[in-house]
Each structure stands twice: as C-alpha cells, then as structure tokens.
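Chemist: No letters, just coordinates:
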C-alpha cells in the first residue's frame, strides 16, 4: 500500500509522512468472508493489532458488551490496545482490511500525543476535532449562490439633466449608493455616490455639471441567475464597486461590493440593515434566502449551533419588531409585549419552523383591536415563510392573545390543576421572551408564574417527569435503537436526547430561580449550585450542542433536496467518530435523567 492511503483516515491524517511510510511497510491485508470473525486482544501477541477495513463493514463488540458498526476507513481495536480487554470484529459483508501490528500503533501513540488523544478524548475534545475535520472551504456555498440571493439596491432612474444636489438627495432618500441615468437612444449610464462626491469637490459650486456629464455609460451588468462568484470576478476585473443586475435583459437592481463581501463573509449585519430599511412586508421577503445562506455558511465553518441560533434569534427578533411596527394599529399604541415562545424564546431555533408567539397587554385596549392586529401579524409572518403552528400556539389563538392578568390567571389554573396538556403549555410559556413592546410585562408574567410553581413542590416533580417520557435510543449493548421508515433506520434526536435535556434543565432552573434564557446559560448556572457539578453541566451542554449540530446538518441536507425538515437522523450515515460521540451524548442524557429521578423522587410518582 502507499503511505498516502492513510491520509483519508482520521487520525492517521495527523501523522507525518515518515510515520505513514512506517505504517505502509508494516501493515498486511486480511480477507474476511461474511460472518467470519477476528479477535483483538490486548494480552495475546497474535491478536494484538488494529483492523482498518477499506472494503465492507463489520460489527465490533468488546468485552464490556459495547457494540458498533465499523464502516470502511474506520478503525476497530484502538481502545482495546490502549485500555486492555478484547473485542470481536464480525464481517457483515465481504471485508478487506488493513491489519496494523500493536507495536507500531503504540509507537505512534508515544510519538504523537494528538494521535493518542483522538482515542481517549472527552466529548468536548472530540467535538473540537470533528469541527476541524468538517470545516469546509466556505467558498463552496458562496460560489454556488446566485446574484438574486443577495440584497440588491432598488433601481433609481435619473434623467441626464438632473442637478447633482437633486441626485444626491434622491440617492439618500432611496438609501442607495448608485442610480441609473437615462441617456439618448434608450441607453443607460450609472452614477455612484462616489461620483457625486468627486464632482462636488472637483467643480466650483456655480459650475457643477449634470449627472449625465459624469455618469459612466454602458455599465457592467450580470444576470440575476449568474453566480455571486462571477459577480466578484467582474468587480475585480473591472475595478468597480457596483454591478447592474438584469433579468431578461431588464435592470432589476444594483449589487454593491459591500453586500457581495458581506455574503462572502458574514451576512448578519447586512440582513439587519435590510430589515431596518424595509418599509413594507414585501421588502422583508428577501431576508429569507439570505438568512438560510448565512446559516449554511456558518454551519459549514464549524460554528457551534448555540452561537448560530443566538445570531439567528437576534435577526428574527429584529424581523418580528419590524413586522409589529408595520402592522401596528393606527389608533393609540397599546402597552403591549409581543412574546416569542418555546425554542425561539430560548434562542435555540435556527431554521424557521412555525409561528410560536403570544400577545399580551396591560391597559384597556379593546380586545377586538388586539384581535385585528394579531391577525395582521400572523398574516405577515405567514407571508414571510413562517407557517402556522400545528399546536395553534400563536397570536390568532385567544389563549395566546389576552391581557396580562388574564394570562397569569390561566397559568395558575395549569399549576393548580395539572394536566399533561397544561404542563406542556406551561413549559412553552416559561421560555417566553420579548420580541417587541414592553419587556416589563414579560418579566412580570414570568416572575409571578415561576413564583407560583415554586410554591408547589409536588407540581415541580410532576413537571420534571415529562423529561422521562421518551426512552433514550441507546440499547443495553450500546447499540442505537431505531425505527424503520422507507427502508431507512432512523432515530429521533429531539425526543431521544434534546428534549430531556432542555425540559429537565428548564425545571431545575425554575426551582433554583435561574432566570437566564438559553439552555446552555441555565446549565452554566446550575453547575454553580449543589444540584450539579460544573464538569457534568459542561459535558451535558456539549452533548446538547452536538445533537443540535447533527440535527441542523440533517435539516440543511433536507432543504437542499427540497424535503420537509424534521428531527430524525440515520445513524448509519454518520462516521465512526460521530456515532461514538452520539453514544457518549445519549449516556449523558441517561445520567441526567437519573439525576432528575433522584432529585424529585420520580419513582414514587405514578
């Protein structure tokens, strides 16, 4: 074999050329028929080796009953050699594999600490390694994005005899940095804010030319369906800062260099500016594709989901504030708070799923006024791509559109007369945050509801038990428990891992009077209490982040294939490191469930 063959196999890709050369002269190739086994044992010399299939799959089972499926270019036996014990590799197909002697493996571990750490790392360290492994060149998304995906300055057309001052005022009013100038024979030229600046400084006030005299004729143009990468090439080649964008050879907008560079780097500031500039719901529509592109780019760079979700949540709040302002009743502005609920309130929703919101107020505004306003908000959000909530948790539902004192009274009924539906609704409310309006109303609502919950220890226990309603999809022998759907073996990440952490932490935070919003912030605060060790809180936070990362990757792939997004993944599509980390995450979930059971004595609750 060639030394470069191991460059595609983590962590052998971290080794030097000399080390890989040593491997290539030491390995031999073994063949296993389907069902044939190989024993790897840390004590018997004949069985001390690594097995690295390059064709076919095998089931790996260790003496501590843990099982896994080893795919091509994955490794079996490393932890057995490092920690002791034995394991059995059983061929699930016809298998061809490299066999690396233990003596070479041990030498590599001694020579390269990073190589050894790959096998013994904590979940947090494994996540860091995986992010580095998966970081892709963000040019790929950038190159495949179309010009129409970027924000374009609207077309502003001036006549050739327009005075400079008039042109400058028109650009400022339209919030543009360039405009088209009509020339003879139906031709166009382009004039930019820089052109105006130079003209104001180059000419005496009484000698200012008209815009037709300083505009650049035959502006460089690009089709709306062309790639942004080609737009960058055109700007670079012609040393220009603006490109005319056309569709069917008709001008539809002007692409600015700063917008283009923002798409290339991080579009969040540009999206925020786009939202603030919008004067109608239609002008907000452009943010949809741009936001998805931002999410995909940040995800491919290895940015943690918690950071992506906080950024996206900030932009969504800005968007909801704008929608609220654009639909505000023309009558007296009420003393209101527009609430976002559930995962959006926790700043943990990344891709748009559905509308989860509420509207409360603390004055004598007529209910019919608030009803009409809430319907306008709902319709605007639907137009912007936010579908209706299947559970009807949105402002068009009278339950989620009522005066502050009325909603507090309703929440007290949920606590005093608990039902599964009431506890689910209460959990959504406890994650509420203000998107627009008076934040003091939200604080008053949450403080009074939390206080009522903490008066009732028995309710807290029943509330916590909801975290245990779904089984962790990890079997006794550490194999994934999946459900078959259309010839695929799937598991639900939300039910199996994400929900138990989120809800259990929500309950503990309520008990400990921790008022932070995100699950990660709540875990950090819980790690400073007697309930939970800081190290366990940190590992649990990493487990949550990793599961959210897997879910986001699956959802982005679904969007690429124009499929609906969901919470299920196919474990067989994960690589060995990802499967190993997911098992670690599920084990932490089980430990957390045990903590909840012990703390609230859930075994006594029927």
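Modeler: In hand now; what should we look at? Keep in mind that this is a model prediction, so the values were computed, not measured.
Chemist: Let me know the pLDDT of residue 148.
Modeler: pLDDT for residue 148: 83.
Chemist: give the contact list for it.
Modeler: 224, 225, 245, 247 (CB atoms under 8 Å, 6 or more residues apart in numbering). Heads up, the C-betas are built off the backbone N, CA and C, glycines and all.
Chemist: again with residue 362
Modeler: Contacts of residue 362 (CB under 8 Å, 6+ apart): 335, 336, 403, 404, 405, 438, 441.
Chemist: Just put the contacts of residue 148 in a markdown table and tack on pLDDT.
Modeler: Output for these, formatted as a markdown table (pLDDT from 0 to 100):
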| residue | pLDDT |
| --- | --- |
| 224 | 91 |
| 225 | 89 |
| 245 | 95 |
| 247 | 92 |
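Chemist: Compare those residues and tell me which has the most neighbours.
Modeler: Highest neighbour count within the contacts of residue 148: residue 245, with 23 neighbours (other CB atoms under 10 Å).
Chemist: Sticking with it, tell me its helix or strand.
Modeler: strand 242-247 (DSSP states H and E).
Chemist: Also residue 309?
Modeler: Counting by DSSP H and E, the element that carries residue 309 is helix 305-326.
Chemist: Domain map for this protein?
Modeler: 3-120, 142-265, 328-453, 466-474+486-604 (automatic domain parsing).
Chemist: Nearest to residue 277, out of these?
Modeler: domain 142-265 (5.5 Å; CB to CB).
Chemist: how far does the closest one sit from the chain's center?
Modeler: 35 Å (CA atoms, centre = their mean, to the nearest Å).
Chemist: Please apply the same query to stretch 52-67.
Modeler: Taking mean C-alpha positions (CA atoms, centre = their mean), stretch 52-67 and its chain are 32 Å apart.
Chemist: Which residues in that stretch does the neighbour count mark as buried?
Modeler: Neighbour-count burial for stretch 52-67 flags 52, 53, 54, 56, 57, 58, 59, 60, 61, 62, 67 (criterion: 16 or more other CB atoms under 10 Å).
Chemist: Tell me how far residue 349 lies from residue 300.
Modeler: 19 Å (CB to CB, to the nearest Å).
Chemist: tell me which helix or strand of the chain sits lowest on mean pLDDT?
Modeler: helix 139-144 (a mean of 50; mean pLDDT, DSSP states H and E).
Chemist: And the next helix or strand along the chain from that helix, what does it pack against?
Modeler: Later in the chain than helix 139-144, the nearest helix or strand by DSSP H and E is strand 157-159. Packing partners of strand 157-159 (3 or more CB pairs under 8 Å, 6 or more residues apart in numbering; DSSP states H and E): strand 178-182.
Chemist: about what we covered before: report the lowest-confidence entry in the buried residues of stretch 52-67.
Modeler: residue 67 (75).
Chemist: does it really touch residue 478, like I thought?
Modeler: Yes - between residue 67 and residue 478 a contact is recorded at 5.9 Å, counting by CB atoms under 8 Å.
Chemist: ok, now which ones touch residue 541?
Modeler: Neighbour list for residue 541: 519, 520, 523, 524 [criterion: CB under 8 Å, 6+ apart].
Chemist: Can you pick out the most distant pair from the residues you listed?
Modeler: Checking the contacts of residue 541 with CB to CB, the most distant pair is 519 and 524, at 9.8 Å.
Chemist: give me phi/psi at the nearest residue to residue 27 once chain neighbours are set aside?
Modeler: Spatial nearest neighbour of residue 27, chain neighbours left out: residue 98 (4.5 Å); criterion: CB to CB, 6 or more residues apart in numbering. Phi and psi for residue 98, reported as degrees, to the nearest 10, are phi -80, psi 140.
Chemist: Have a look at residue 519 and residue 524 and say which one is more surrounded.
Modeler: More crowded of residue 519 and residue 524, by other CB under 10 Å: residue 519, with 27 against 16.
Chemist: I'd assumed residue 347 was in contact with the more buried one.
Modeler: No - at 9.3 Å, residue 519 and residue 347 do not qualify as touching, with contact defined as CB under 8 Å.
Chemist: would you list every one of the strands in the stretch 451-600 of the chain?
Modeler: Ranges of strands within the stretch 451-600 of the chain are 483-485, 488-492, 568-569, based on DSSP state E, counting those that start in this stretch.
Chemist: Let me have those in TSV, adding distance to residue 460, mean pLDDT and mean neighbour count as columns.
Modeler: Shown next, in TSV, are the strands of the stretch 451-600 of the chain (distance: least, CB to CB, whole Å; pLDDT from 0 to 100; neighbours: other CB atoms under 10 Å):
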stretch	distance to residue 460	mean pLDDT	mean neighbour count
strand 483-485	32	85	10
strand 488-492	26	90	17
strand 568-569	31	92	21
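Chemist: remind me which residues of the stretch 501-606 of the chain are low pLDDT?
Modeler: Scanning the stretch 501-606 of the chain for pLDDT under 70 picks out no residues.
Chemist: Before I go, just wanted to say thanks for your time.
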